[in-house]
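>>> test case, fold it:
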Amino acid sequence: MDIRIDKNSRVPIYDQIKEQVKGLIHSGKIRTGDQLPTIRELSVELSVNFNTVALAYRDLVNEKVIITERGKGTFVAGTPDAEEMQRIRDEKLKNLLEALARETDRLGYTREEVGRAFVDQYRKRDK
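The predicted structure is shown next:
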């Protein structure tokens with residue numbers, strides 16, 4: 001599965017897994033009924049603790065994003081419609097930006113400094 005973990009991020013690894021699984025569903029890269037890797041397979045693939053992946057999967061089950069069928073595996077549950085998925089994504093982006101704004105304010109950065117750094121970071125990623 002196309003998931004990338006940033007072990008230096010302040011975002012817990014299990015949250016990174018959850019958000020990226022949701023992103024893969026939203027983008028259509030995985031669809032309703034698609035089978036996901038087992039917890040063990042994904043933990044090996046990502047080089048993270050088994051329990052971390054188990055926690056992410058448990059949360060995704062509780063959110064009704066995935067379902068687990070004993071003896072068969074874990075599958076993508078029925079996906080919300082495009083409008084609902086966009087609302088969820090927009091809310092996540094808003095929360096991330098609010099956290100960034102709070103932290104940069106706390107550290108004394110100006111809006112201009114943050115804006116330049118943000119643009120520069122995306123330019124570096126595009127190379």
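>>> OK, contacts around the residue nearest to residue 101 when sequence neighbours are not counted?
The shortest distance from residue 101 to any non-neighbouring residue, by Cβ to Cβ, 6 or more residues apart in numbering, is to residue 114 (7.8 Å). Bear in mind the C-beta positions are built from the backbone N, C-alpha and C, glycine included. When the contact criterion is Cβ atoms under 8 Å, 6 or more residues apart in numbering, the partners of residue 114 are 100-101, 104.
>>> tell me where the model's unsure across this protein.
Low-confidence segments of the chain (pLDDT under 70): 79-82.
>>> can you show me the strands along it?
Assignment of strands within the chain using DSSP state E yields the ranges 35-36, 66-69, 73-76.
>>> measure the spatially most central residue of the chain to residue 112 for me?
Here the mean C-alpha position of the chain is nearest to the C-alpha of residue 19 (Cα atoms, centre = their mean), at a distance of 1.8 Å. With the distance defined as Cβ to Cβ, to the nearest Å, residue 19 ends up 29 Å from residue 112.
>>> can you list the domains in the chain?
Taking automatic domain parsing as the reference, the chain has its domains at 13-76, 82-126.
>>> biggest helix in this protein by residues?
helix 82-106 (DSSP state H).
>>> mind giving me the packing neighbours of it?
Contacts of helix 82-106 with other secondary structure elements, assessed using 3 or more Cβ pairs under 8 Å, 6 or more residues apart in numbering; DSSP states H and E, are made with helix 13-26, helix 111-126.
>>> and the last one, C-alpha only, in PDB?
Yep, that's helix 111-126 we're talking about. The C-alpha trace of helix 111-126 is given here as PDB (Å, rounded to 0.1, in the frame of the first residue of the first chain):
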ATOM      1  CA  ARG A 111       2.800  35.800   8.500                       C
ATOM      2  CA  GLU A 112       5.100  36.800   5.700                       C
ATOM      3  CA  GLU A 113       7.900  34.500   7.000                       C
ATOM      4  CA  VAL A 114       5.400  31.600   7.300                       C
ATOM      5  CA  GLY A 115       4.100  32.300   3.800                       C
ATOM      6  CA  ARG A 116       7.500  32.400   2.200                       C
ATOM      7  CA  ALA A 117       8.600  29.200   4.100                       C
ATOM      8  CA  PHE A 118       5.400  27.400   3.000                       C
ATOM      9  CA  VAL A 119       5.900  28.300  -0.600                       C
ATOM     10  CA  ASP A 120       9.600  27.400  -0.500                       C
ATOM     11  CA  GLN A 121       8.800  24.000   1.100                       C
ATOM     12  CA  TYR A 122       6.500  23.200  -1.800                       C
ATOM     13  CA  ARG A 123       9.000  24.300  -4.300                       C
ATOM     14  CA  LYS A 124      11.600  21.900  -2.800                       C
ATOM     15  CA  ARG A 125       9.100  19.000  -2.900                       C
ATOM     16  CA  ASP A 126       8.300  19.700  -6.600                       C
END
